[in-house]
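1. Give me a 3D structure for the following:
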Amino acid sequence: MLDYTAAVAHLRQVDPVLANLIAQFGDCSMRRDRRYFRSLVEAILSQQLSVKAAATIFARFQDLLQNQITPAAILPLRDTAFRGVGISRQKMAYLRDLAAKWQNGALDLRRFSRMADEEIIAALTQIKGIGRWTAEMFLMFSLGRMDVLPVGDLGFRNAVKRVYRLRKLPEAKRLHTLAEKWKPYRSIATWYMWASLDNKPLSEKK
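-> The predicted structure is shown next:
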């Protein structure tokens, strides 16, 4: 787990609302999952589904691949194999595109450590089925980037509305203004917002 001590100290100092949340919820326990390909596969499979349904389909897919969630395992699969575990034709295409680009080096995770957040988002969103929100969650929960602000996340927006006692859900411009003082730890501030609702990230999927 990353060390969030400096981040928490900064947020506590610059924002009394966050200071109250930190006092309530304690240390940030956001964890980093380094199984990068697996994380992206799971993100694609979870789109437009309830948490329970997504977990069921991912478990079936994992069993189908004998827990070897790799491009080499996905690319030979026939349509019937995908359909047999409840994966739609559209998501088959997304998974094949991800696996192909991963295998041929078009998506090279080894370069990500040297890339800025927006460059990584641009690279990930070239994959069919991966939008900005999914890329932002990958930055936060897989790469451990500390300064991501997911303004399209409904859970985050609801939390901001609630804890700052706003009359309506804040739009992106207001969120960016509000979060300016959180820099360079906006990911950590976002985690505390989610914690205040006991909520997981929830995207505005188009």
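
2. List of residues touching the helix or strand where Phe138 lies?
-> Assigned by DSSP states H and E, Phe138 falls within helix 132-141. Contacts to helix 132-141, defined as CB atoms under 8 Å, 6 or more residues apart in numbering, come from residues 30-33, 36, 39-40, 43-44, 47, 117, 120-121, 124-125, 145, 148, 150, 152-153, 187, 190, 201, 203-205. For the C-beta atoms, the positions are set from N, CA and C on the backbone; glycine is no exception.

3. The helix or strand following it to helix 132-141, inter-axis angle?
-> Downstream of helix 132-141, the next assigned helix or strand under DSSP H and E is helix 154-163. Helix 154-163 runs at 80 degrees relative to helix 132-141, counting by axes from the mean of the first three to the mean of the last three CA atoms, to 10 degrees.

4. same for the helix or strand just after helix 154-163, what does it pack against?
-> Scanning forward in sequence from helix 154-163 by DSSP H and E, the next helix or strand is helix 172-179. In terms of contacts (3 or more CB pairs under 8 Å, 6 or more residues apart in numbering; DSSP states H and E), helix 172-179 is packed against helix 154-163.

5. per-residue confidence for the residue nearest in space to the middle of the chain?
-> What sits nearest the mean C-alpha location of the chain, by CA atoms, centre = their mean, is Met137, with 1.6 Å. Looking at Met137, its pLDDT is 91.

6. And it, how far from Val17?
-> With distances taken as CB to CB, to the nearest Å, Met137 is found 24 Å from Val17.

7. what's the spacing between the residue sitting furthest away from the middle of the chain and Tyr192?
-> Going by CA atoms, centre = their mean, the residue of the chain most distant from its centre is Thr80, 29.2 Å out. Distance, Thr80 to Tyr192, using CB to CB: 45 Å.

8. Then Lys181?
-> Here Lys181 is placed at a distance of 14 Å from Tyr192 (CB to CB).

9. which one of the two has more residues nearby?
-> Taking neighbours as other CB atoms under 10 Å, Lys181 and Tyr192 compare with Tyr192 leading, 24 against 14.

10. So that one lies in a strand, does it not?
-> No. Secondary structure of Tyr192 (DSSP: H, G, I helix; E, B strand; the rest coil): helix, not part of a strand.

11. My read is that it contacts Leu11, right?
-> Yes. Contact status for Tyr192 versus Leu11: in contact at 7.4 Å, counting by CB atoms under 8 Å.

12. hey, what's in contact with both of those two?
-> 18, 22.

13. tell me which residues of stretch 78-95 are tucked away?
-> 82, 85, 87, 91-92, 94-95 (16 or more other CB atoms under 10 Å).

14. Could you list the domains of this structure?
-> As assigned by automatic domain parsing, the chain contains the domains 5-31+147-197, 36-141.

15. Please tell me how far Arg114 sits from Phe61.
-> 32 Å.

16. same deal with Tyr94?
-> Taking CB to CB, one finds Tyr94 at 13 Å from Phe61.

17. For stretch 23-31, which residues meet the burial criterion?
-> 28, 30.

18. Ok, stretch 101-115 next?
-> Per 16+ other CB under 10 Å, stretch 101-115 contains these buried residues: 101-102, 107, 112.

19. measure it end to end?
-> 18 Å (CA to CA, to the nearest Å).
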